[in-house]
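Participant: build me a model from this:
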Amino acid sequence: MVKVEFIGGDILAAVFKAYAADVQDAVVKSVGRSALRLQREVKQNRLSGQVLRVRTGNLRRSIHQRVNVSGNVVSGEVNTNVRYGIAHEYGFTGNVNVKASLRQVKQAFGKPLKSPRYVHVRAHTRDVKLPERSFLRSALRDLTPKFADDLQTSIRKVLK
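Facilitator: Below you'll find the model as predicted:
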């Protein structure tokens, strides 16, 4: 067993206490920058062609970030509330209910029709096998070293 005793430990504790608020502010700012960087990476690169292509822009618009501070715990979140975004992130295999609809047909057998026809599609279930196309986790994995460097730099600036 190793026993370490600091002479003037009360002074050292006071110094650490004085730095605590500044260190927490630096950590909050660093986590905020990291969350914004991750959000930007996901929107500009991962959801604009690298992993998934844009069709409507709904998934890209749904990517939000926020920083949570609870006591001494600081966390950053980047997430989406779109259900199919979660299915793309983790993959999905199962049945999906398709509602009845009216479909407009403009071509038949690869040739355009003179006038569009409308076809009633009945409600049915569809077997879906969607492969995993991670856009959030892969971006986080790629940017984690930059986040750690930014956090270390921010804390070093405060402690100098």
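
Participant: just the C-alphas of the longest strand belonging to the chain, formatted as PDB.
Facilitator: Determined from DSSP state E, the single longest strand within the chain is strand 111-121. Provided in PDB are the C-alpha atoms of strand 111-121 (Å, rounded to 0.1, in the frame of the first residue of the first chain):
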ATOM      1  CA  LYS A 111     -42.900   4.100 -72.000                       C
ATOM      2  CA  PRO A 112     -44.800   7.300 -71.100                       C
ATOM      3  CA  LEU A 113     -48.600   7.300 -71.200                       C
ATOM      4  CA  LYS A 114     -50.500   9.900 -73.100                       C
ATOM      5  CA  SER A 115     -52.400  10.900 -70.000                       C
ATOM      6  CA  PRO A 116     -51.700   9.800 -66.400                       C
ATOM      7  CA  ARG A 117     -53.800   7.000 -64.900                       C
ATOM      8  CA  TYR A 118     -54.800   6.700 -61.200                       C
ATOM      9  CA  VAL A 119     -54.700   3.400 -59.400                       C
ATOM     10  CA  HIS A 120     -56.100   2.600 -56.000                       C
ATOM     11  CA  VAL A 121     -53.600   0.800 -53.800                       C
END
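
Participant: list the neighbouring strands of the helix or strand following it plus their orientation.
Facilitator: Later in the chain than strand 111-121, the nearest helix or strand by DSSP states H and E is strand 124-130. Applying DSSP bridges, strand 124-130 is found paired with strand 92-98 (antiparallel).
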